[in-house]
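Trainee: What follows is a predicted structure for the sequence shown.
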Protein chains: 2
Amino acid sequence: MGEFELIARYFTRPVPATAPDAPGTAGRVVLGVGDDCALLAPAPGMQLAVSSDMLVEGRHFFADVAPERLGHKALAVNLSDLAACGARPLAFTLALALPEADEDWLAGFARGLFALADAHGCALVGGDTTQGPRNLCITVLGEVPAGQALLRSGARPGDDVYVSGTLGDAALALAALQGRLPAHWRLPGAVLAAARARLELPTPRVALGLALRGVASSAIDVSDGLLGDLGHILRASGVGACIDCSVTTPLIAAYAELSSVRGQFGSEFDPATDGEFLRRYTLAGGDDYELLFTAAPAQRVAVAAAALSSATPVTRIGRIEAQPGLRLIDAQGQPVAARYASFDHFAPHACTKAEKPE
Amino acid sequence: MGEFELIARYFTRPVPATAPDAPGTAGRVVLGVGDDCALLAPAPGMQLAVSSDMLVEGRHFFADVAPERLGHKALAVNLSDLAACGARPLAFTLALALPEADEDWLAGFARGLFALADAHGCALVGGDTTQGPRNLCITVLGEVPAGQALLRSGARPGDDVYVSGTLGDAALALAALQGRLPAHWRLPGAVLAAARARLELPTPRVALGLALRGVASSAIDVSDGLLGDLGHILRASGVGACIDCSVTTPLIAAYAELSSVRGQFGSEFDPATDGEFLRRYTLAGGDDYELLFTAAPAQRVAVAAAALSSATPVTRIGRIEAQPGLRLIDAQGQPVAARYASFDHFAPHACTKAEKPE
C-alpha cells in the first residue's frame, strides 16, 4: 500500500457532522484533506487556539499498545490543551511516521482517533505520512471568543485552586506495567485495568474548559504532574500556592481500594513508604490530562455549576498566595517536607523543583 | 539541559516584527509560545490555510546534514505548501524529537529556522520537544482572502501549465551524495555544491504564490516530482495534460554544464541513457519545492507580471487537455514512451503511474 492509498483509505473522510455538544463549529472547515493546505473560516470575533503534541514510541507509549487506544490518546492529549484554554475543538492535522504500513494497525488507530474526533466535532483536515520510527504528531485548532481564553497567567492571591477528576492512576498503571509496584500492593485486576484505561484512554476535559470561561482565573492541563504544572501557573502569574495533600492523595481512583480496605496492605501498610507512594503518584505522576485551575472564592458556586453542567468532578485542593513558592500541607496543616520532581523529557531526574518554582 | 530550559533557550523569542514583504500579518499573533495553546486573531474576511509536514532522519535528511540547513528546510517545505495555496505565512508550531539535547546542533537548527521564519514574518507560536529518534514536525498557518486560495481542482482544458524556477537539481545532488551519478559525469564541485544547496536549502515560492492569486487556475508545490504532482492536479480537476520534455529537461540548473559543453560527457555522452537521466531528474526527481500551476492563455501577461513582481523565473511547459491522462512529447512533438514514477514514502518502486493518473 502506497502513501497516497494509505491516506485515502484510512484518513480521508467527509468532514464530520457537528457533534451535539459542539454547536457552532459547523461550516468552519472550508477544505479538508487533499490539497496543499486545509482552509478554515473562523467565525467573526473568534480567536484561534493552536497546540501541537508529539508522541514517540517507547517514550510516550509502548510498542504493543492497542492501536485503537493510541489513536484516542494521540488526539486526547491535544484536545486537553484546547480544554485548558477554554477553546472549542475545530480541526486537527496528523503527521504519522510508521515503520511499515500495517493495515490492521492503521485500521485500529483510525478507529480510535475518529471516535474521539467525532465526539468533539473535530475534523481531520490534513497531515503527512512517512516511513520511520513510530511517531505521531498532532496539531489541534480550536476557537475561543476574543479575550476569553483561559491563560496560565491569571491566578491571583486568595484564589482557590481546583483540579478535575482523578490524579495518579495513570502513573500507577505505568508503574504496574513496568513491574515497579510494591510487592504487597495486591491490587485486583479490575482496579489495575481501570488505572490502565486512565493511562491509555485519557478524557480531555473539553466541556469543563468551555464551562470555566469567565469563571476560572487561570488554567492548565495536568500532563507532567500536578505540582510541575501548578508551577507553570505560579511562575506565569507571579504568585505562590498552598496545597493540601490530604485532599489530593485520595484523588487517586485506586485509593479506596488501597486504603479503606486495610486488608489490601494488611499489617504491611507503612504510611512512610506506601503513603508516600500514593502522594507521589497524585502530586507528580503525570499523564493525568485533568484540568488544574484557579478561581476567586466568589466563584465557588459558578465552579460547582460548571462541574455539574459538564458532568466533571472538581475538587478544591488549595489556595493561591502572594508569597512565591509552593507549600504542601497534611491533614493537620503541617508542612510536608518531601520534594516532588515533575516529568521532563530531557531530564527525568528532578529538573523541576516543585517546591521552588522560581 | 531540561525540556523547559531547552524551549526557553532556543525556541522562545518575541514575535518577530512583520517582514517588509509581509505587510498585514502584524498583530495576528495574540499569544505565542508558553501557554497550553497559542492564540491567533485572523483578520476579518480571511481564511486560515493549514499544513503539516514531518521530516524523519535517514528518510528526508542525512544524520550529518548541517543543522542550520535542516532548520531552514523543515520550515521551507511547509511554507511551500502555503505558497501553493496563495496564502501569506502567519505562524507555525514545531514538534521536535531528538536523541539528545545537543546545544551546538540546537543553536544551528534554530538559526536556520528563524532566519527563514523572520524573512517571511512567520512566528513560532508553540510546539513540543521530546526525546526520540530525530523527527521534525512543523504545522504552518497562513491566511488568504476567502475564496482566493489556489486549489488543485481548478485546471481547465486549454489552460497553460507552468513551473517556477529549476527542476531536478535536488535529485541530482541526492544521487551525487549517494554515489549514484554515472562515472563519466565529471561535474565541477561548484555545480554540485549549487545542486546540493537546492536539496538542502529549498526556496519556498511564497511571493509567487501571492502574486498568482486571481491569475492561476490551479496550483501545487512540486515535492514528489513534477509528473506525480501534476497528476494530483489532473485528478482533482478531472482533466489531462501534454508536457513538452524539451522544455522541462533544460530546467535542471546543471543542464548548461552537462549539455552545452559536450566535453563534460566527451564521446561518452549517450542520449538514450544520459538524456534519460536528465529527463528523470527533472520530471520525477522530487524535493524541488517549485510551484506547478495552470492559467488560462488570456492570463499570460498576468503570469509574466507575477513572475516579475515576485522575482521568480516561470516557464510554460505544456497545456491542459480535456482527454484524461498525461502525455509527454519531445522537441519534435513525438510521444515520449518512458514511464516515470514519483516518490512515495511507502512504495518507492513505482506507485504513481505518471502517464495514467486515473
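Mentor: Right, received. Where do you want to start? Residues are numbered from 1 along each chain as shown, chains lettered A, B, ... in the order given.
Trainee: And the helices in the stretch 201-350 of chain A, which stretches?
Mentor: A:206-211, A:226-237, A:245-248, A:255, A:276-284, A:300-309 (DSSP state H, counting those that start in this stretch).
Trainee: who wins for proximity to chain B among the ones you listed?
Mentor: Evaluated with Cβ to the nearest Cβ, these place helix A:226-237 nearest to chain B, the distance being 7.4 Å. C-beta: built from backbone N, CA, C; applies to glycine.
Trainee: What is the neighbour count of A:R186?
Mentor: 13 (other Cβ atoms under 10 Å in any protein chain shown).
Trainee: In which helix or strand does A:V56 reside?
Mentor: A:V56 is part of strand A:46-56 when elements are defined by DSSP states H and E.
Trainee: I'd like the next helix or strand past that strand.
Mentor: helix A:67-85.
Trainee: what's the model's confidence in that following helix, averaged?
Mentor: In this model, helix A:67-85 carries a mean pLDDT of 96.
Trainee: next SSE after it?
Mentor: Next in sequence after helix A:67-85, counting helices and strands by DSSP H and E, comes strand A:88-98.
Trainee: How about the backbone phi and psi for the residue nearest to A:L48 when sequence neighbours are not counted?
Mentor: Distances taken as Cβ to Cβ, 6 or more residues apart in numbering or on different chains place B:L40 nearest to A:L48, at 4.3 Å, with adjacent residues excluded. The phi and psi values for B:L40, taken as degrees, to the nearest 10, are phi -120, psi 150.
Trainee: residues contacting B:L40?
Mentor: A:Q47, A:L48, A:V50, B:R28, B:V29, B:V30, B:L48, B:L90, B:A91, B:V125, B:L141 (Cβ atoms under 8 Å, 6 or more residues apart in numbering or on different chains).
Trainee: Can you say which two of those residues are spatially most distant?
Mentor: The largest separation in the contacts of B:L40, counting by Cβ to Cβ, is between B:V30 and B:L48 at 13.9 Å.
Trainee: Which one of these two is surrounded by more residues?
Mentor: Using other Cβ under 10 Å, the more surrounded residue of B:V30 and B:L48 is B:L48, with 27 against 17.
Trainee: The more buried one touches A:L39, doesn't it?
Mentor: Yes - here B:L48 lies in contact with A:L39, judged by Cβ atoms under 8 Å, at a distance of 7.0 Å.
Trainee: Pull up the gap between A:F62 and chain B, please.
Mentor: Using Cβ to the nearest Cβ, to the nearest Å, one obtains 14 Å as the distance from A:F62 to chain B.
Trainee: Spatially, what comes nearest to that residue if we skip its sequence neighbours?
Mentor: The nearest residue in space to A:F62 (Cβ to Cβ, 6+ apart) is A:L177, at 7.3 Å.
Trainee: Next, count neighbours for A:G285.
Mentor: 27.
Trainee: same thing with A:C37?
Mentor: For A:C37, the neighbour count with other Cβ under 10 Å is 30.
Trainee: Per-residue pLDDT of the nearest residue to it once chain neighbours are set aside, please?
Mentor: Of all residues not flanking A:C37 in the chain, B:A49 sits nearest, at 3.9 Å (Cβ to Cβ, 6+ apart). Looking at B:A49, its pLDDT reads 95.
Trainee: mind listing what the most centrally placed residue in chain A touches?
Mentor: The centroid of chain A falls nearest to A:Y289 when counting by Cα atoms, centre = their mean (1.5 Å). Shown here is A:Y289, whose contacts under the criterion Cβ under 8 Å, 6+ apart are A:A76, A:V77, A:S80, A:P202, A:T203, A:P204, A:R205, A:D221, A:V222, A:S223.
Trainee: can you put the residues you listed in a markdown table and add distance to B:R235 and neighbour count?
Mentor: Below are the contacts of A:Y289 laid out as a markdown table (distance: Cβ to Cβ, whole Å; neighbours: other Cβ atoms under 10 Å in any protein chain shown):
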| residue | distance to B:R235 | neighbour count |
| --- | --- | --- |
| A:A76 | 34 | 24 |
| A:V77 | 35 | 24 |
| A:S80 | 37 | 27 |
| A:P202 | 39 | 23 |
| A:T203 | 40 | 20 |
| A:P204 | 36 | 28 |
| A:R205 | 42 | 27 |
| A:D221 | 41 | 27 |
| A:V222 | 46 | 27 |
| A:S223 | 41 | 22 |
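Trainee: Out of these, which comes closest to B:T315?
Mentor: Closest approach between these and B:T315, by Cβ to Cβ: A:V77, at 46.0 Å.
Trainee: Report the spatially nearest residue to that closest one, omitting neighbours in sequence.
Mentor: A:D53 (5.1 Å).
Trainee: hey, what's the one you found bridged with?
Mentor: A:D53 has the following beta-bridge partners by DSSP bridges: A:I138.
Trainee: Name all residues that make contact with it.
Mentor: Applying Cβ under 8 Å, 6+ apart to A:D53 gives the contacts A:A74, A:V77, A:N78, A:D81, A:C137, A:I138, B:A95, B:D128.
Trainee: 10 Å - rerun?
Mentor: If you count contacts by Cβ atoms under 10 Å, 6 or more residues apart in numbering or on different chains, A:D53 has them with A:60, A:74-81, A:136-140, A:223, B:93, B:95, B:126-128, B:130, B:137.
Trainee: do you know how far it is from B:P99?
Mentor: Look at A:D53 and B:P99: by Cβ to Cβ, to the nearest Å, they are 19 Å apart.
Trainee: cool, A:L227 as well?
Mentor: Distance from A:L227 to B:P99, by Cβ to Cβ: 28 Å.
Trainee: Tell me which of these two has more neighbours.
Mentor: Neighbour tally, A:L227 and B:P99, criterion other Cβ under 10 Å: the higher count belongs to A:L227, 27 against 12.
Trainee: Quick check: that one touching A:D288?
Mentor: No - when contacts are counted by Cβ atoms under 10 Å, A:L227 is not listed as touching A:D288 (11.7 Å).
Trainee: okay, and the common contacts of those two?
Mentor: Counting by Cβ under 10 Å, 6+ apart, the residues touching both A:L227 and A:D288 are A:T282.
Trainee: Do a quick rundown of the strands in chain A.
Mentor: Along chain A, counting by DSSP state E, strands occupy A:29-31, A:38-40, A:46-56, A:88-98, A:123-131, A:135-145, A:160-164, A:218-222, A:240-244, A:290-295, A:314-321, A:325-329.
Trainee: ranking the ones you listed by mean pLDDT, which is last?
Mentor: Mean pLDDT across the strands of chain A is lowest at strand A:29-31; the value there is a mean of 83.
Trainee: so, in contact with chain B or not, stretch A:144-151?
Mentor: Yes - for stretch A:144-151, a contact with chain B is found by Cβ under 10 Å from any Cβ of the partner chain, at A:V144, A:A146, A:G147, A:A149, A:L150, A:L151.
Trainee: Next, count neighbours for the nearest residue to A:L151 once chain neighbours are set aside.
Mentor: Leaving aside its sequence neighbours, A:L151 sits nearest to B:D35 (Cβ to Cβ, 6+ apart; 5.6 Å). A count of nearby residues for B:D35, using other Cβ under 10 Å, gives 25.
Trainee: Double-check B:D35 against A:A84; I have them as touching.
Mentor: Yes - under the contact definition of Cβ under 10 Å, B:D35 touches A:A84, with a separation of 8.2 Å.
Trainee: hey, what's in contact with both of those two?
Mentor: Counting by Cβ under 10 Å, 6+ apart, the shared contacts of B:D35 and A:A84 are A:A49, A:S51, A:A149, A:L150, A:L151, A:R152, A:S218, A:A219, A:I220.
Trainee: Tell me which two of these sit farthest apart.
Mentor: Greatest spatial distance among the shared contacts of B:D35 and A:A84 (Cβ to Cβ): A:S51 and A:S218, at 16.7 Å.
Trainee: Mind checking which of the two has more residues around it?
Mentor: Shown here are A:S51 and A:S218; by other Cβ under 10 Å, A:S51 has more neighbours (30 against 26).
Trainee: And the more buried one, how far from A:A83?
Mentor: Using Cβ to Cβ, A:S51 is found at 10 Å from A:A83.
Trainee: Need the residues touching each of those two.
Mentor: In contact with both A:S51 and A:A83: A:G142, A:D221, B:D36, B:C37, using Cβ under 10 Å, 6+ apart.
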